[in-house]
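> Please work out how this folds:
(chains A, B, C and D)
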Number of protein chains: 4
Amino acid sequence: MVFSVAVAGASGYAGGELLRLLAGHPEFSVRTVTANSNAGQRLVDVQPHLRSLSHLTLSDTTSESLSGHDVVFLALPHGKSGVLTAHLPADTLVVDCGADHRLESERDWAAFYGGDYYGAWAYGVPELPTASGRLRDLLASARRIAAPGCNASTVALALAPGIRAGVIEEADLVAVLAVGPSGAGKSLKLPNLAAEILGSANPYAVGGTHRHIPEIQQSLRWAGASQPTISFTPVIVPMSRGILSTATARLVPGTSAAAVRAAWEETYADEHFVHVLPEGHFPRTADVLGANTALIGLAVDEAAGRVVTITAVDNLVKGTAGAAIQSANIALGLPQALGLTMNGVAP
Amino acid sequence: MVFSVAVAGASGYAGGELLRLLAGHPEFSVRTVTANSNAGQRLVDVQPHLRSLSHLTLSDTTSESLSGHDVVFLALPHGKSGVLTAHLPADTLVVDCGADHRLESERDWAAFYGGDYYGAWAYGVPELPTASGRLRDLLASARRIAAPGCNASTVALALAPGIRAGVIEEADLVAVLAVGPSGAGKSLKLPNLAAEILGSANPYAVGGTHRHIPEIQQSLRWAGASQPTISFTPVIVPMSRGILSTATARLVPGTSAAAVRAAWEETYADEHFVHVLPEGHFPRTADVLGANTALIGLAVDEAAGRVVTITAVDNLVKGTAGAAIQSANIALGLPQALGLTMNGVAP
Amino acid sequence: MVFSVAVAGASGYAGGELLRLLAGHPEFSVRTVTANSNAGQRLVDVQPHLRSLSHLTLSDTTSESLSGHDVVFLALPHGKSGVLTAHLPADTLVVDCGADHRLESERDWAAFYGGDYYGAWAYGVPELPTASGRLRDLLASARRIAAPGCNASTVALALAPGIRAGVIEEADLVAVLAVGPSGAGKSLKLPNLAAEILGSANPYAVGGTHRHIPEIQQSLRWAGASQPTISFTPVIVPMSRGILSTATARLVPGTSAAAVRAAWEETYADEHFVHVLPEGHFPRTADVLGANTALIGLAVDEAAGRVVTITAVDNLVKGTAGAAIQSANIALGLPQALGLTMNGVAP
Amino acid sequence: MVFSVAVAGASGYAGGELLRLLAGHPEFSVRTVTANSNAGQRLVDVQPHLRSLSHLTLSDTTSESLSGHDVVFLALPHGKSGVLTAHLPADTLVVDCGADHRLESERDWAAFYGGDYYGAWAYGVPELPTASGRLRDLLASARRIAAPGCNASTVALALAPGIRAGVIEEADLVAVLAVGPSGAGKSLKLPNLAAEILGSANPYAVGGTHRHIPEIQQSLRWAGASQPTISFTPVIVPMSRGILSTATARLVPGTSAAAVRAAWEETYADEHFVHVLPEGHFPRTADVLGANTALIGLAVDEAAGRVVTITAVDNLVKGTAGAAIQSANIALGLPQALGLTMNGVAP
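Numbers count the residues shown, from 1 in each chain, chains lettered A, B, ... in the order given. As a prediction, this is how the structure comes out:
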């Protein structure tokens, strides 16, 4: 069976990546693509890399244009999905790549986003461990899915195994991420200009203000944490896409390096898209460019008393569009890897 | 008075940057440039950006070729300076940009470098606070100076004010640095190839193995720490030069944000080349490209219980060659800023 | 039917790209991967982006290790294929990504390469027009195929339609290419270092010395030229992969802009992987990153009397590995696009 | 004597570069900096790399705020200078970095810019040869100077020697430029976003539409051409600044390679900032980053019948702000190199 698909926000970076992946998906057929200011244009004029979809034209983003599809992917600015999806049939699979439906805590929503709160949907990171299994289990029957924040899911995947196994402390986590500017979307702001970013490393949202912080904490609570605290700093670097997360945690005193390694390897031993690298190996973002893979390198720094995780993810794939499609596959009973690759485009 | 100058290792990146700065220095005159395999070539054929020095030819690096100058700058691989400088006159000012003379602890040397130990020289970061003042005081009469490791001095400058003022804890420091590949020199190794680095963020020396760790700890001890511990992770990003350090420390409980800010501002209030940015401002590496400036942004993350410092430095200038020249200026009684700029080349 | 495949030179960039594409090819099964100095290592340790091939180990590159496969892809340095393939069975499909079998003229070989001459194989750019049809026709029955030089095929595809239709002059062609450094392979030479390439545009092989020049001329002769002359200049720019060719030719006096456009559109109207963009549209290399697509933009500059073509190609895909696989598909009677995508990875 | 200086458009890239250079100029003192939407802000908050100018605050750009200075530099959008400068005293030295006063031909202005025509000023490329000498001669007494277009002056410097000496033909010139995006200024348009430019080579203004074309032709007429024609194509590449021009011309039949080389070397033999590299050497943009230097490499391609010039320039320095200051130095009777360096910041 081939499922009919609509993509809202098809003119943006996340929308474009959804379409790139959907174009190679054997069970999904993209029927409708929508946008705002670009409505009326041919998709390929706005997304000139999507040659195989040159027959599609952008229509307006409305609940009408999105209705009548088996699956609807939303890649809209924050605050747009909530209103829109209220008008879509309950049995349509809706996957939201925005933030509107990620947070279970209305208080967190108010503190970090503000405005109307729309409630949480099943969270689209299948590999994340929970008390009783994986988030995958909750996705199996879902018809409303929230794809993750790219930075949030990266850090959560990196640290959850240690929390789950009790080998790292939940307090005083520290994560610093090198990220590409595609995560900021096509927003026409000065800090996003090429001349501002080329040849430079630029921090932003320093000091505990980034919106992905409560999302990380939520994931770590699912993995067993109680009140995790994290210092989180993203740094924009001159690569179009990719996240390299250095996330560290205090080693629980008395824990052996072997026990640490075992915690991570056991958590992801059966996972198709999350790989723990061998001792002494650490990933680069180029290794996962275009892939739905998260690669995790692990070291125990005895002198510093910290476990260091290095995680590489493509922010637009495993961080957003790939997570959305993988989750949709699971929700529809398809093999989770359908239409997705674990191989990166390197160099 | 104009001082005669020799530069050893003039064909490398650090040597080239020394020469670029020396070419604009009103009181230094470069007489001799030396190299190994490039000896015999015109300097400008090896360093084609140094147009004003096209009259110079590279000679062999020997104690003979370096003798007879007022100042000798060494930009040599580790282990080469020690032997060489034993043969230079004691009253010649020698500034070593390598690591041979940075560490006071022979045990640290053995643990992180190995091989013959040559003893420590005056450390070329004038602004670093000590129990009794600044390192500047020790440089004033020095004739042997060790220019700092670029990552080490960046992190030390970032954290020393908090250690000195007692507002951050010395245990469990965490630093993650985005760094450009020029720090690795002209070493012909696969990870240094452009195709490996373009479009990617690549970690290295993960887990407490980087050689700059004991150097950071040494600087923090000068600032008042006893046994500081630090998790240190460098990440190569696709910019030719620059370091963006995110260095965080646990806030001493009960310390106000104002006290934190005061600690940093007071430490560097009178400094020409180290600037603490106003609340809410954070530096980018582009802001200091080509400049001898260290810019520090500061935030207190109450929720995480950490002070976050963001520091931008040009690894080849304030991190190496600029520090060397600034220190030489001080040692010779010249104004410290002579031949150096605080303005970056941006965009 | 699934064909068994060996890849020689699997540790390099071209070899890695062959394997990335082959990993997603439904009718090819990679059995053997070979290398030189890396023999004995796991493929994934050398090519960490090829996660789905982590079961493969590199063996030595010998005619023995390559024997017994249906298809052998060679990604070896120049001069290595000729000797090796003499020992492979005649009915094995051998596709060489090196230069050894590209040139029909031994004199050209001697002038631009030198050393033993091995003779020409079917040239792997199926879309190139010939007097009687396309190169595709010659590939259909081939068992020996020479994948093209990336720059050569890009410029040939750009200019051949105008030569074929007689709307541009064959004399005084001018091509300037912005190219990524992956085209130079993993060669450990100073000009390939990241610090040399980041933030800079670097020309090489200026003034008519580049080895792809006779290859371009050969393709244009197939398209109908007699003695084409071309000024060809490649410029390395800081992107890991990609070729943006600006190739211009004198407009044959009296030719209308419409006739020019018709020449290009007719030549490629039925092609899956070569697209002529509409009037006023020009491609970017990001549009074809990872894709087997060549995008051509076209303008007639009446004032300058020149036709200007802008062509974007991924040097490792349509320029090398994709061309090799597309050609192999044709030779084996498979759909030419099997295992290949026309969509780029952007941004 | 120190001259008082005002800079209009101080918040943009060209304005910032003017100020970076002026901050190091011993005879210029910046008194006033003006902007539009940024007026009222501290300069260093808008241009955080200009640390030494942190005492300056941006005021509105008006003829009042600019009056009362010895020198006024304008870095404004096209069409803004003409009106403004009509109100400045005739004896104030005004240097315009915009296009308003570059073209002598009102017809060219109408064809490529449109709107009111303001007349041509002395053109700020001192080294350009004319029938009777150099443009330098015209700058000596000027009080109104038009700094050049960065691409235009680069190509003109590259080709003028051959035109002047009669060794290349003026018809059928072809220039392709790799350029950094800082040339587009801080314009908030989609093609200027980092995610659009990182990892890609992007052409623009293809086919004879670029506004610098008539400016190139004008310069070549000064050098002796009658009706030069040129195919001109700029390609944006992922480096913040820099122009690498590949400009080629038909060799006049019968001309020896030695005569070609002599034409270029003689033209620039005495020039401080324009250097012709030795046979076989070609420049990279990194070699001139931050410098006021134009480096020219030269080859004769006998087979193609073309002279190939490769020219590297920093678009913001020799292409704009450096040219402006060099020209102002000349106009004021100061040494032309005052405040400018010929050494690039590399790597």
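
> hey, let's count contacts and neighbours off CA atoms from now on
Noted.

> what about stretch A:214-224 and chain B, touching?
No. Stretch A:214-224 is not in contact with chain B by Cα under 8 Å from any Cα of the partner chain; minimum separation 11.2 Å.

> Could you export that stretch as PDB, CA atoms only?
Provided in PDB are the C-alpha atoms of stretch A:214-224 (Å, rounded to 0.1, in the frame of the first residue of the first chain):
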ATOM      1  CA  PRO A 214      13.300  21.600  29.000                       C
ATOM      2  CA  GLU A 215      12.900  19.200  26.100                       C
ATOM      3  CA  ILE A 216      16.200  17.600  27.100                       C
ATOM      4  CA  GLN A 217      15.200  17.400  30.700                       C
ATOM      5  CA  GLN A 218      11.900  15.800  29.800                       C
ATOM      6  CA  SER A 219      13.700  13.100  27.800                       C
ATOM      7  CA  LEU A 220      16.100  12.400  30.600                       C
ATOM      8  CA  ARG A 221      13.200  12.100  33.100                       C
ATOM      9  CA  TRP A 222      11.700   9.500  30.800                       C
ATOM     10  CA  ALA A 223      15.100   7.700  31.100                       C
ATOM     11  CA  GLY A 224      14.900   7.800  34.900                       C
END
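
> So for it, mean pLDDT?
Mean pLDDT, stretch A:214-224: 98.

> Stretch A:120-131 too?
Mean predicted lDDT for stretch A:120-131 stands at 97.

> End to end on that stretch, go ahead and measure it.
19 Å (Cα to Cα, to the nearest Å).

> For it, could you pull out the residues that count as buried?
A:120-130 (16 or more other Cα atoms under 10 Å in any protein chain shown).

> Could you list the contact residues of chain A toward chain D?
Counting by Cα under 8 Å from any Cα, the residues of chain A near chain D are A:180-182, A:186, A:188-190, A:192-199, A:238-241.

> Which among those residues count as buried?
The neighbour-count test (16+ other Cα under 10 Å) marks A:180-182, A:186, A:188, A:190, A:192-199, A:238-241 as buried among those.

> quick one: which of those residues sit in helices?
A:194-197 (DSSP state H).

> near chain B, from those residues?
Among these, chain B is touched by A:195-196 when using Cα under 8 Å from any Cα.

> would you turn the ones in helices among the buried ones among the residues of chain A next to chain D into a markdown table with pLDDT and distance to chain C?
Listed next are these as a markdown table, based on pLDDT from 0 to 100; distance: Cα to the nearest Cα, whole Å:
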| residue | pLDDT | distance to chain C |
| --- | --- | --- |
| A:A194 | 98 | 12 |
| A:A195 | 98 | 11 |
| A:E196 | 98 | 13 |
| A:I197 | 98 | 12 |
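
> and which of the ones in helices among the buried ones among the residues of chain A next to chain D is nearest A:E106?
A:I197 (34.8 Å; Cα to Cα).

> show me the contacts for that closest one.
By Cα atoms under 8 Å, 6 or more residues apart in numbering or on different chains, the contact set of A:I197 is A:191, A:236-238, D:194.

> Could you pull out the helices in chain A for me?
Under DSSP H, chain A gives helices at A:13-22, A:43-46, A:63-66, A:81-85, A:106-112, A:135-139, A:150-165, A:194-197, A:213-222, A:257-268, A:322-331.

> by contact count, what packs against the fifth one?
Here helix A:106-112 touches no other helix or strand, going by 3 or more Cα pairs under 8 Å, 6 or more residues apart in numbering or on different chains; DSSP states H and E.

> if we look at that helix, which residues are touching it?
Contacts of helix A:106-112 (Cα under 8 Å, 6+ apart): A:103, A:117, A:119, A:209-211, A:214.

> Most widely separated two among the residues you listed?
Farthest apart among those - using Cα to Cα - are A:G119 and A:T209, which lie 21.5 Å from each other.

> Which members of the buried residues of stretch A:120-131 are positioned in strands?
The members of the buried residues of stretch A:120-131 that map onto strands under DSSP state E are A:122-123.

> excluding its backbone neighbours, what's nearest the closest residue to chain C within the stretch 151-300 of chain A?
The stretch 151-300 of chain A approaches chain C most closely through A:D287 (4.1 Å), counting by Cα to the nearest Cα. Leaving aside its sequence neighbours, A:D287 sits nearest to C:H49 (Cα to Cα, 6 or more residues apart in numbering or on different chains; 4.1 Å).

> how about that neighbour, phi and psi?
For C:H49, the backbone dihedrals (degrees, to the nearest 10) come out as phi -90, psi -10.

> what's the spacing between it and chain D?
Here the distance between C:H49 and chain D works out to 18 Å (Cα to the nearest Cα, to the nearest Å).

> Surely A:K186 and D:L190 touch.
Yes. Counting by Cα atoms under 8 Å, D:L190 is a contact partner of A:K186 at 7.0 Å.

> which residues does the closest residue to chain D within the stretch 201-347 of chain A contact?
Residue nearest to chain D within the stretch 201-347 of chain A: A:S240 (5.0 Å; Cα to the nearest Cα). By Cα under 8 Å, 6+ apart, the contact list for A:S240 reads A:180-182, B:199, C:347, D:194-196, D:198-199.
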